[in-house]
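>>> Okay, sequence plus prediction incoming.
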Amino acid sequence: MIIKTPTKFFLVSGSSEGFSLLNAFDGALLASGVGDTNLVRMSSILPPGCGEVKPAPVPLPQGALVPVAYASLYSDVPGEIISAAVAIGIPEDGNRAGLIMEYSARAEERVVVEQVKKMAEKGMELRKRSIKEIMSISATFKVVTIGAVFAGVVLWD
Amino acid sequence: MIIKTPTKFFLVSGSSEGFSLLNAFDGALLASGVGDTNLVRMSSILPPGCGEVKPAPVPLPQGALVPVAYASLYSDVPGEIISAAVAIGIPEDGNRAGLIMEYSARAEERVVVEQVKKMAEKGMELRKRSIKEIMSISATFKVVTIGAVFAGVVLWD
Amino acid sequence: MIIKTPTKFFLVSGSSEGFSLLNAFDGALLASGVGDTNLVRMSSILPPGCGEVKPAPVPLPQGALVPVAYASLYSDVPGEIISAAVAIGIPEDGNRAGLIMEYSARAEERVVVEQVKKMAEKGMELRKRSIKEIMSISATFKVVTIGAVFAGVVLWD
């Protein structure tokens, strides 16, 4: 193997205003508790046996390279509602992988959460894998000047 | 070094319909045989001495973090043709790196493959590196409702 | 930890014409001295104690997986000016993380550099972290047919 397979996960989310779109995103990461790490984005599987650690956010070493599946959105349209959510399909069979789905939209949080959960269900169906539970986390924000939302599944060891 | 340099590679491709754009992408990954891994996207070099493993797709551990160079495209325009392809310029000199190029378009597979091969050739020319062979793989799909295509070079050890 | 935390960094930038948008990007990477590596993009922290290595670009093993924070832009509009820049907020307290910001635009280099430095300042302010120094690097290019710019902070060990 090239990179160690993660054995732990936790869910985080946050939102922020910012000086620029990227500063707003950075603020949302800080609000989520992962703002001082180096997020490495990946497509979106929960390894078999990967267990939840609590309470989230777990303190990570500053500057660590951290695999994460996430949804985010930023906007500079004052008054706009933006929402981001992730969902994990946890399989009944603990020897199988779970599936992480991400979704964000200029829409109410409720709409985005419903959609991302449905996406995780459909992805597990495609795998013919019985679902024990759908976990999810989300963030929503009404933009003042420039804002961002972030929701992610952080994998760790 | 921070992450181990890969020593093996294989080519994969696939396509799928899906409940959402991301579900279609997930379906294309499953069709490619890498749907239960965590793809980490990278820019696009074949390390010297990196050898092809067959038959592809090689079974990878569920949830493993897997470096990959890929092209993909999704569409929710019924009837649209979408294609994705990758090409590798394999150097004559086995001590030099090869180059991976990615291309996708709302176009016929033939057009996309021709373009990506040309891109790999031009990139090797820029490096003044003689080409032993151009390898490539591609996927094409006619969208019914929501569809996606994926073609990638998976690196492994 | 899943991936080793980097202990060294260096700044690189470059620009290029190319046969396609991706070839121009590839050319900009080659001009920056990192064109034969596998860049893994990450969000954007300088780990505490991470020291600059000189002269940049440091020769890296061909095909190595290299964490990098970068800004880039490509264009196929003849005559267009494109610029990319990164800035690092170096903290006074060597036990704290620094912050990397990225910015690119169809604008003069001076404008893009000023903006990215301001972004790094604002991000350090949000962390209530005193700044020792703002480092930055940038690239600018006037497109002939198809062109790209790249500026990045490469992390290494």
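Nice, I can see it.
>>> where does A:Ala139 sit relative to A:Lys128, distance-wise?
32 Å (C-beta to C-beta, to the nearest Å). Every C-beta, even on glycine, is put in place using the N, C-alpha and C of the backbone.
>>> CA atoms of the helix or strand encompassing A:Ala87 as PDB?
Assigned by DSSP states H and E, A:Ala87 belongs to strand A:81-91. The C-alpha coordinates for strand A:81-91 follow below in PDB (Å, rounded to 0.1, in the frame of the first residue of the first chain):
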ATOM      1  CA  ILE A  81     -28.600  30.900   1.500                       C
ATOM      2  CA  ILE A  82     -25.900  28.300   0.900                       C
ATOM      3  CA  SER A  83     -25.800  24.800   2.400                       C
ATOM      4  CA  ALA A  84     -23.400  21.800   2.400                       C
ATOM      5  CA  ALA A  85     -23.800  18.300   3.700                       C
ATOM      6  CA  VAL A  86     -22.200  14.900   3.700                       C
ATOM      7  CA  ALA A  87     -23.800  11.500   4.500                       C
ATOM      8  CA  ILE A  88     -22.200   8.100   5.200                       C
ATOM      9  CA  GLY A  89     -24.000   4.900   4.400                       C
ATOM     10  CA  ILE A  90     -22.800   2.500   7.200                       C
ATOM     11  CA  PRO A  91     -23.200  -1.100   6.000                       C
END
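>>> What number of residues are in the vicinity of the nearest residue to A:Met1 once chain neighbours are set aside?
In space, and not counting its chain neighbours, A:Met1 is closest to B:Ala64: 6.0 Å by C-beta to C-beta, 6 or more residues apart in numbering or on different chains. B:Ala64 has 21 neighbours, counted by other C-beta atoms under 10 Å in any protein chain shown.
>>> Look through chain A and tell me its longest helix.
helix A:109-126 (DSSP state H).
>>> Could you pull up the contacting residues of the residue in chain A positioned nearest to chain C?
Distances between chain A and chain C by C-beta to the nearest C-beta are smallest at A:Gly63, namely 2.5 Å. Residues in contact with A:Gly63 (C-beta atoms under 8 Å, 6 or more residues apart in numbering or on different chains) are A:36-38, C:5-6, C:45-48, C:50, C:97.
>>> Can you tell me which of those comes closest to chain B?
Nearest to chain B among the contacts of A:Gly63 is C:Pro6, at 5.9 Å by C-beta to the nearest C-beta.
>>> For A:Ala97, grab phi and psi.
The phi/psi pair for A:Ala97 (degrees, to the nearest 10) reads phi -80, psi 150.
>>> ok, the spatially closest residue to it that is not a sequence neighbour - contacts?
Closest residue to A:Ala97 apart from its sequence neighbours, by C-beta to C-beta, 6+ apart: B:Gln62 at 4.0 Å. Applying C-beta under 8 Å, 6+ apart, we find B:Gln62 in contact with A:45, A:47-48, A:96-97, B:36-37.
>>> Of those residues, which is the most crowded?
So for those (other C-beta under 10 Å), the most neighbours sit at A:Ile45, 29 neighbours.
>>> just checking, it touches A:Gly98?
Yes: under the criterion of C-beta atoms under 8 Å, A:Ile45 makes contact with A:Gly98 at 7.0 Å.
>>> ok, A:Lys118 - contacts?
B:Phe19.
>>> can you rerun that using 10 Å?
A:87, A:101, A:103, A:134, B:19-20, B:23 (C-beta atoms under 10 Å, 6 or more residues apart in numbering or on different chains).
>>> near chain B at all, the host helix or strand of A:Val154?
Under the criterion DSSP H and E, the helix or strand holding A:Val154 is strand A:147-156. Yes: counting by C-beta under 10 Å from any C-beta of the partner chain, chain B has neighbours in strand A:147-156: A:Leu155.
>>> Where do the strands of chain A begin and end?
Remark: strands assigned in chain A by DSSP state E are A:8-17, A:38-41, A:45-46, A:51-52, A:65-75, A:81-91, A:98-105, A:131-142, A:147-156.
>>> Redo those as a markdown table? Include mean pLDDT and distance to C:Arg110.
Formatted as a markdown table, those follow (pLDDT from 0 to 100; distance: least, C-beta to C-beta, whole Å):
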| stretch | mean pLDDT | distance to C:Arg110 |
| --- | --- | --- |
| strand A:8-17 | 98 | 27 |
| strand A:38-41 | 97 | 29 |
| strand A:45-46 | 98 | 44 |
| strand A:51-52 | 96 | 48 |
| strand A:65-75 | 98 | 25 |
| strand A:81-91 | 98 | 32 |
| strand A:98-105 | 98 | 34 |
| strand A:131-142 | 98 | 33 |
| strand A:147-156 | 98 | 27 |
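>>> between the ones you listed, which one is nearest to B:Pro78?
strand A:98-105 (21.6 Å; C-beta to C-beta).
>>> Tell me if that closest one is near chain B.
Yes: legend: contact between strand A:98-105 and chain B by C-beta under 10 Å from any C-beta is shown at A:98-103.
>>> overlap in contacts of A:Ile45 and A:Gly98?
A:88, B:36, B:62-63.
>>> picking that back up, quick one: which of A:Ala139 and A:Lys128 has more around it?
Using other C-beta under 10 Å as the criterion, A:Ala139 and A:Lys128 rank with A:Ala139 on top: 28 against 6.
>>> Measure how the longest helix of chain A sits relative to strand A:131-142, angle-wise.
150 degrees (axes from the mean of the first three to the mean of the last three C-alpha atoms, to 10 degrees).
>>> For chain A, what lies in contact range of chain C?
Of all the residues in chain A, those lying near chain C are A:2-8, A:16, A:18-23, A:25-27, A:29-30, A:34-41, A:60-68, A:70, A:155-157, going by C-beta under 10 Å from any C-beta.
>>> Of those residues, grab the buried ones for ChimeraX.
Buried residues among the residues of chain A next to chain C (16 or more other C-beta atoms under 10 Å in any protein chain shown), as a ChimeraX selection:
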select /A:2,3,5,6,16,18,19,20,21,22,23,25,26,27,29,30,34,35,36,37,38,39,40,41,60,62,63,64,65,66,67,68,70,155,156
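>>> show me the contacts for the residue lying closest to A:Leu65 once chain neighbours are set aside.
In this structure, A:Leu65 finds its nearest non-sequential neighbour in C:Ile3, 3.9 Å apart by C-beta to C-beta, 6+ apart. Going by C-beta under 10 Å, 6+ apart, C:Ile3 touches A:2-4, A:38, A:40, A:64-67, A:157, B:2-3, B:40, B:65, C:40, C:42, C:65, C:67.
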